[in-house]
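Peer 1: sequence-free structure coming up:
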DNA sequence: AGGGTTCAGTGACTTTGTCACCAAACCGTC
DNA sequence: GACGGTTTGGTGACAAAGTCACTGAACCCT
């Protein structure tokens, strides 16, 4: 085995498992790697296994019948797709898809093993339910945001989150509009306004944050 | 025991349990009844038990920091609050609340019993995961709707769903606006338009459906 | 019958979404 | 380097939806 054999330790929620459970997870899982821009799951593409992300991120987005799209959430390293996978297995009129945003390395755990683990290990159960709970509360907040928050506030927030440590966000207006579930034109106009105020600078395919604190103030303006 | 002793049988997902599991559920649960308009759960009000609804409905709604509200979903008889309860236990910055829309009768199952059941019974696990999955996919669809569907379409759909068999919906414009997460004025104007077209008739505190098929056509207009 | 409350209607305005179209930047390849 | 297709972003006009401030009617109490 390689350096990924100890992957279980890298999951905060799984480190509390007892040794036999950890070994079961390690032995019965296989490390898989998928290239960037692969559809990991989606309509007509339900994976056989539960994935535990070791590296990279998977973007989960809803594709509407209207042709619109909106990013629902991202699965980062240290998290699991249990929920989306479980959803796929339960309902086939499922319209969300998961796309690898970079090369993604994951541990694939067969369904039966997953079920055994839920049955046999209390810490594993806690991990799984915590993941579900977090997802649901996040979706609640997202609904709140989509329904009631102004786009300038949401865009400022999204820019800061997408930027991470860096000051430059490499993305297009189109992609930003999918992040927020709005129209490209709306993003263009908002970014123009931000630029006019000197908060950002634009280039084709990128946005440079010039005044993070001003953007942050706007993003925090949620009361 | 009373007529509710066999409540387990009334849950489609639970009837497949084996006898000992059913008995465990029945013996370790207590039937509770809460009056109409009670807040069953919400910020600072996390119940100790998992509820299985026998009668009535619980309306779950998000209360925004902006003062706005939106109905997320309803828990009907034959369903369980596992998810919302689980969420409450996991995260306290939880801003949704569950309100009894009528007198609600439910079986309360202590957390430990719930955990034992998940561990010991495969059909019970399936029931719980199916509930989670259904909820999450429904929330996906809801986000899609809030973000991309026109209010007239959503309102027509909501009127039909709220009406059930009857033709009269007893509700106020204010309540309808919370159902859709929009403003009261918007509802008033849309209902005026529906009335102008002869699809409905309005009275203080009620809407009467006059042309269900026309409303249905509009509601189906989702492509 | 009076007074408070709930419910609904309205106009003016802002924000957001839609549509149709244009122009510049980029990416090949010839 | 020139050409042509694609991607990206800009624009104006308009429609839909949300906000604000205010009005009046219906209802519910004593």
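Peer 2: That came through, no problem. Owing to the predicted nature of the structure, the values given are computational and were not obtained by experimental measurement.
Peer 1: got a list of what the residue nearest the centre of chain A touches?
Peer 2: With distances taken as Cα atoms, centre = their mean, residue A:74 lies nearest the centre of chain A, 0.4 Å away. Applying Cβ atoms under 8 Å, 6 or more residues apart in numbering or on different chains, one finds that residue A:74 lies in contact with A:57-60, A:101. Bear in mind the C-beta positions are built from the backbone N, C-alpha and C, glycine included.
Peer 1: domains for chain A, by residue range?
Peer 2: By the assignment in automatic domain parsing, chain A contains the domains A:3-146, A:149-220.
Peer 1: is the longest one in proximity to DNA strand D?
Peer 2: No: no part of domain A:3-146 sits near DNA strand D under the criterion Cβ under 7 Å from any atom of the strand; the closest distance found is 10.0 Å.
Peer 1: cool, and the last one?
Peer 2: Yes: Domain A:149-220 comes into contact with DNA strand D when judged by Cβ under 7 Å from any atom of the strand, the residues involved being A:172-174, A:184-185, A:188-189, A:191-192, A:202, A:204-206.
Peer 1: emit the ChimeraX select command for whichever of those residues are buried.
Peer 2: For the buried members of the residues of domain A:149-220 next to DNA strand D, the matching ChimeraX selection, counting by 16 or more other Cβ atoms under 10 Å in any protein chain shown, is:
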select /A:173,191
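Peer 1: tell me which of the residues of domain A:149-220 next to DNA strand D is nearest to residue A:9?
Peer 2: Of all the residues of domain A:149-220 next to DNA strand D, residue A:9 sits closest to residue A:206, with 36.8 Å by Cβ to Cβ.
Peer 1: show me what the residue nearest to the centre of chain A is bridged to.
Peer 2: For residue A:74, the beta-bridge partners are residue A:59 (DSSP bridges).
Peer 1: and what about residue A:105, helix, strand or coil?
Peer 2: Taking DSSP: H, G, I helix; E, B strand; the rest coil as the rule, one finds residue A:105 in the strand state.
Peer 1: check contacts around it.
Peer 2: Residues A:4, A:31-33, A:53-56 are the ones in contact with residue A:105 under the rule Cβ under 8 Å, 6+ apart.
Peer 1: select from these the one having the most neighbours.
Peer 2: Using other Cβ atoms under 10 Å in any protein chain shown as the neighbour criterion, residue A:53 leads the contacts of residue A:105 with 24 neighbours.
Peer 1: which residues does the helix or strand encompassing that one contact?
Peer 2: Of the helices and strands defined by DSSP states H and E, residue A:53 is found in strand A:49-55. Counting by Cβ under 8 Å, 6+ apart, the neighbours of strand A:49-55 from elsewhere in the structure are A:4, A:7, A:10-11, A:29, A:31-32, A:40, A:75-82, A:85, A:103-111, A:114.
Peer 1: go on, stretch A:112-122?
Peer 2: Residues external to stretch A:112-122 that are found in contact with it (Cβ under 8 Å, 6+ apart): A:17-18, A:21, A:24-25, A:28-29, A:50, A:82, A:109, A:124-125, A:128, B:115, B:118-120, B:122, B:125.
Peer 1: check which residues of that stretch are buried.
Peer 2: Under the neighbour-count criterion of 16+ other Cβ under 10 Å, stretch A:112-122 has A:113-114, A:116-118, A:121 buried.
Peer 1: quick revisit: what about the strand holding residue A:53, average pLDDT?
Peer 2: In this model, strand A:49-55 carries a mean pLDDT of 91.
Peer 1: kindly report the same for stretch A:176-192.
Peer 2: Per-residue confidence for stretch A:176-192 averages out to 98 on the pLDDT scale.
Peer 1: got the end-to-end distance for it?
Peer 2: According to Cα to Cα, to the nearest Å, stretch A:176-192 extends 14 Å from its N-terminal end residue to its C-terminal end residue.
Peer 1: now residue A:186, nearest residue through space, not along the chain?
Peer 2: If you skip the residues right next to it in sequence, residue A:186 has residue A:151 as its closest partner in space, 5.9 Å away by Cβ to Cβ, 6 or more residues apart in numbering or on different chains.
Peer 1: roughly how far does the one you found sit from residue B:10?
Peer 2: Relative to residue B:10, residue A:151 is positioned 46 Å away (Cβ to Cβ, to the nearest Å).
Peer 1: now the strands for chain A?
Peer 2: A:30-34, A:39-41, A:49-55, A:58-63, A:69-75, A:96-100, A:104-110, A:168-169, A:200-203, A:206-209 (DSSP state E).
Peer 1: quick revisit: just the contacts of residue A:105 now: which is nearest chain B?
Peer 2: Distance ranking of the contacts of residue A:105 against chain B, using Cβ to the nearest Cβ, places residue A:53 first at 17.9 Å.
Peer 1: coming back round to it: now the buried members of the contacts of residue A:74.
Peer 2: Members of the contacts of residue A:74 that pass the buried threshold by neighbour count (16+ other Cβ under 10 Å) are listed as A:57-60.
Peer 1: how about CSV for those residues, with distance to DNA strand C added?
Peer 2: Written out in CSV, the entries for those read as follows (distance: Cβ to the nearest atom of the strand, whole Å):
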residue, distance to DNA strand C
A:57, 24
A:58, 25
A:59, 20
A:60, 20
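Peer 1: tell me the pLDDT of the residue nearest to residue A:132 when sequence neighbours are not counted.
Peer 2: Using Cβ to Cβ, 6+ apart and skipping residues adjacent in sequence, the residue nearest residue A:132 is residue B:132, 5.1 Å away. If you check residue B:132, the pLDDT there is 85.
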